[in-house]
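A.B. asks: one predicted model, sequence on top.
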Amino acid sequence: MKVIKIEKSQWAEGLEKARQSMRLIGPVAEKGYHSFQELAPGQAPDLDFQNSRLSPKGLAFPQSEVMLTYTMDKNDPECGIMKEADKDYGPRAVIGIRPCDAKALALVKMNFDTDEYKDPYWLNLYNATTFVGLACDAPCATCFCTTAGSGPFDEQGLDVLLVDQPEHYLAKALTDKGTQWLQAAGFTAETDGAAAIDKAKSAAQARITAKIETEHLRGADTMALYNADFWEDVAFACINCGTCTFTCPTCWCFDIQDETSRGQGVRMRNWDSCMFPIFTVHTTGHNPRDTKIHRVRQRFMHKLKYFVDKYDQGIMCVGCGRCVNQCPVNIDIRRASALMNRVGQDARCAVQEG
């Protein structure tokens, strides 16, 4: 894979060249936090940040998205007919997405792009996007990406990986889409930067000391985990606010609802949360997860066990640490995983001894 050297003095000019063929999105500082927003002409992404408060999963999965429109006006010949809402699936580039968040989108894609079902809204946005990642040189204290199948220089889900150097960026082109973006921006000066990237990667990984224990989850008895005696303790402080799911880059639950005003209506898809009490309420009034213990257990079992077994791969978490940082009652996915992992380890030891 070729490495391109981008002088920082040429960075802004290159972005403006790329803007001629696609929209640009990047991290923007606002009220003390960063969020990913479309960049205005002449506006550069603020790459001096650790992580955005909300994950950028909304780039492919908007928090609220109009799917269909309709009218209830009986005088309108199209009364009651639903139409596809106008969409913009033009090319765009996301500048500065962190590797963990790009990996998270790749995980979420497994849910929206299957052999049986392909979500056109999600896939059209995802496929229209070039992901230009920014390697993470200064991980947060609560980052545990290296033990969650990701890492500060992880390349999964990225088209380009940018590595910050004092006077320039090293850009590693990972896909044809990434190469096309670099060419559109006029960044074509190849360099031998592999050694510098490896050195920066090793330094960044060494700064990550937090970890999540998962080695005994795959193959662990599902019912033993489900019936474990620690769930009441884990869930005790939960207030069902949903902060963990809304900040999580891999949560994909949504609700679809109709909203009508003055005879005009829309059908919308909105983020939802398995932590909300009404999430699983049936039309009969029955709620199979009517206590917070049920809901907290479902969240962690889905992330750390159900997903692992269904897709035969790692956990549904990339170790960004947002839920750890922002939970108002300090519930920690690392502790829950350690407890689950211990049950899996004990069960495995029992089988071996038997």
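C.D. replies: Thanks, I have the structure now.
A.B. asks: can you list the weak-confidence ranges in the stretch 101-250 of the chain?
C.D. replies: Applying pLDDT under 70 to the stretch 101-250 of the chain picks out no residues at all.
A.B. asks: in it, which spans are helices?
C.D. replies: Per DSSP state H, counting those that start in this stretch, the stretch 101-250 of the chain carries helices over the ranges 120-127, 176-184, 194-206, 222-226, 231-235, 243-247.
A.B. asks: tell me what the third one is packed against?
C.D. replies: In other words, helix 194-206. With contacts taken as 3 or more C-beta pairs under 8 Å, 6 or more residues apart in numbering; DSSP states H and E, helix 194-206 sits against strand 160-164, strand 168-173. (Glycine included, C-beta is placed from N, CA and C.)
A.B. asks: out of the helices of the stretch 101-250 of the chain, which is the most enclosed?
C.D. replies: Of those, the one with the most neighbours on average (mean count of other C-beta atoms under 10 Å) is helix 243-247, at a mean of 21.
A.B. asks: following it, which helix or strand comes up?
C.D. replies: Going down the chain from helix 243-247, the next helix or strand is strand 254-261, by DSSP states H and E.
A.B. asks: what pairs with the following helix or strand past that following strand, parallel or antiparallel?
C.D. replies: Using DSSP H and E, the helix or strand that follows strand 254-261 in sequence is strand 264-271. Strand 264-271 has the following strand partners under DSSP bridges: strand 64-71 (antiparallel), strand 254-261 (antiparallel).
A.B. asks: tell me which residue lies nearest the centroid of this structure.
C.D. replies: P249 (2.6 Å; C-alpha atoms, centre = their mean).
A.B. asks: assess the claim that that one and R322 are in contact.
C.D. replies: Yes. At 7.4 Å, P249 and R322 qualify as touching, with contact defined as C-beta atoms under 8 Å.
A.B. asks: just to revisit the earlier point, closest to R342 out of the helices and strands packed on helix 194-206?
C.D. replies: Nearest of the helices and strands packed on helix 194-206 to R342, taken as C-beta to C-beta: strand 160-164 at 35.9 Å.
A.B. asks: contacts for that closest one, please.
C.D. replies: Strand 160-164 is contacted by residues 6, 47, 96, 99, 130-135, 137, 153, 155, 169-174, 178, 181-182, 193, 196-197, 200 when judged by C-beta atoms under 8 Å, 6 or more residues apart in numbering.
A.B. asks: can you list the strands that it pairs with?
C.D. replies: strand 129-134 (parallel), strand 168-173 (antiparallel).
A.B. asks: alpha carbons only: can I get that strand in CSV?
C.D. replies: Extracted C-alpha coordinates of strand 160-164, given in CSV (Å, rounded to 0.1, in the frame of the first residue of the first chain):
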residue,chain,number,x,y,z
VAL,A,160,-7.4,6.3,4.0
LEU,A,161,-5.4,6.3,7.3
LEU,A,162,-3.9,9.7,8.2
VAL,A,163,-1.0,9.7,10.6
ASP,A,164,-0.1,13.1,12.2
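A.B. asks: any idea how far the residue located most distally from the centre of the chain lies from G263?
C.D. replies: Each residue of the chain has a distance to the centre, and by C-alpha atoms, centre = their mean the biggest one is for N75: 44.7 Å. Distance, N75 to G263, using C-beta to C-beta, to the nearest Å: 9 Å.
A.B. asks: again with Y89
C.D. replies: Noted for Y89: a distance of 29 Å to G263, by C-beta to C-beta.
A.B. asks: check the contact between R98 and P139; I expect there is one.
C.D. replies: No. When contacts are counted by C-beta under 8 Å, R98 is not listed as touching P139 (9.5 Å).
A.B. asks: neighbour count winner among those two?
C.D. replies: Using other C-beta atoms under 10 Å, the more surrounded residue of R98 and P139 is R98, with 29 against 25.
A.B. asks: what residues are up against the more buried one?
C.D. replies: Residues in contact with R98 (C-beta under 8 Å, 6+ apart) are N51, G133, L134, C136, C320.
A.B. asks: can the strands paired with strand 160-164 go into CSV with extra columns for distance to S337?
C.D. replies: Formatted as CSV, the strands paired with strand 160-164 follow (distance: least, C-beta to C-beta, whole Å):
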stretch, distance to S337
strand 129-134, 26
strand 168-173, 31
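A.B. asks: any idea which of those strands is most buried?
C.D. replies: Looking across the strands paired with strand 160-164 with neighbours counted as mean count of other C-beta under 10 Å, the highest average goes to strand 129-134: a mean of 26.
A.B. asks: need the residues that contact that one.
C.D. replies: Where contact means C-beta under 8 Å, 6+ apart, the residues beyond strand 129-134 that reach it are 22, 47, 59-60, 91-99, 102, 105, 155, 157-162, 164, 177-178, 180-181.
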